[in-house]
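1. Dropping the sequence and predicted coords here.
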Amino acid sequence: MAYPILDPRYKNPALASSCALAVMAKAPRAGKVKTRLSPPLTLEQSAALNICFLKDTTRNIADIAETSAAVGLVCYTPIGDESLFGGLLPEGFALIAQRGDTFGERLHAATEDILACGFGAVCLIDSDSPTVPADAFHEAIDLLNCPGDRIVLGGSNDGGYYLIGLKKAHLEPFKGIHWSTSTVYAETVSAIREASVELAELPIWYDVDDGDTLNLLRDELLGEGLLPFAKAPGYPAPYSREFIRHFFGVSQ
């Protein structure tokens, strides 16, 4: 299945009432994605799990879009690897290319480009958190739909964040941040407050990027009860659950 590729040079006014739920994703090539999970996974297994994460996250978003003013996107890199997303995304999804060198530049450029396409708001979502509760996404959409400017932030338990939502392409949340550290969330909150922009915070969740958090995903998907920091159950993530079940040798 081929997906439409959005071009920020062409604005669609019909999108003004919609919030783009955009997953920031690399094309799923072995050795290019989820490499910090090898070991315990092989590079091929890491790429396979990345595909599961992408399928689960986009399916969660597609379900949300059925009942909300939201549209699912994948903001991808590198340009030229569009075909690797074929058949992985739900019907109705579109692609938009990433640009920029540093991670902060890519996030800011994604915000600019998606809003330039005509969307009234955008949530940039990581591709490492397949079990984010649907209620968190619904809350982000509702907050961005309220009058007035604000930034919505969903923090991860490791000090990063799994979602940032904006109505304007503010530069401050993406400038001077020490990415891939435990201070990302705190630095982003500080930058937003210094810019005098209203901040709305979502419930804490987590991302999966190493062996310890892979075990956390196993505990969530195959165990019983809530995770220690969770206030509600996460998305069931069936593709990721099946991968985890096979990898850890757990029977049905």
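-> Everything's here; your move. Residues are numbered from 1 along each chain as shown.
2. Sketch out the helices for the stretch 51-200 of the chain, chain order is fine.
-> Under the criterion DSSP state H, counting those that start in this stretch, helices of the stretch 51-200 of the chain are mapped to 103-116, 134-145, 184-194.
3. mind checking which of these is nearest residue 220?
-> Of all the helices of the stretch 51-200 of the chain, it is helix 134-145 that lies closest to residue 220, at 14.7 Å by CB to CB. The way it works is simple: take the backbone N, C-alpha and C, and place the C-beta from them, glycine included.
4. With only the CA atoms kept, save that closest one in PDB.
-> The C-alpha trace of helix 134-145 is given here as PDB (Å, rounded to 0.1, in the frame of the first residue of the first chain):
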ATOM      1  CA  ALA A 134      -5.400   6.200  24.200                       C
ATOM      2  CA  ASP A 135      -6.800   8.600  26.800                       C
ATOM      3  CA  ALA A 136      -3.400  10.500  26.800                       C
ATOM      4  CA  PHE A 137      -3.800  11.200  23.100                       C
ATOM      5  CA  HIS A 138      -7.400  12.200  23.500                       C
ATOM      6  CA  GLU A 139      -6.400  14.600  26.300                       C
ATOM      7  CA  ALA A 140      -3.700  16.100  24.100                       C
ATOM      8  CA  ILE A 141      -6.200  16.700  21.300                       C
ATOM      9  CA  ASP A 142      -8.700  18.200  23.600                       C
ATOM     10  CA  LEU A 143      -6.200  20.600  25.200                       C
ATOM     11  CA  LEU A 144      -5.000  21.800  21.800                       C
ATOM     12  CA  ASN A 145      -8.500  22.300  20.700                       C
END
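5. mind putting the helices of the stretch 51-200 of the chain in CSV, distance to residue 178, mean pLDDT and mean neighbour count included?
-> Formatted as CSV, the helices of the stretch 51-200 of the chain follow (distance: least, CB to CB, whole Å; pLDDT from 0 to 100; neighbours: other CB atoms under 10 Å):
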stretch, distance to residue 178, mean pLDDT, mean neighbour count
helix 103-116, 10, 98, 20
helix 134-145, 24, 97, 19
helix 184-194, 6, 98, 17
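6. Which one of these lies nearest to residue 63?
-> Nearest of the helices of the stretch 51-200 of the chain (CB to CB): helix 134-145, 6.8 Å.
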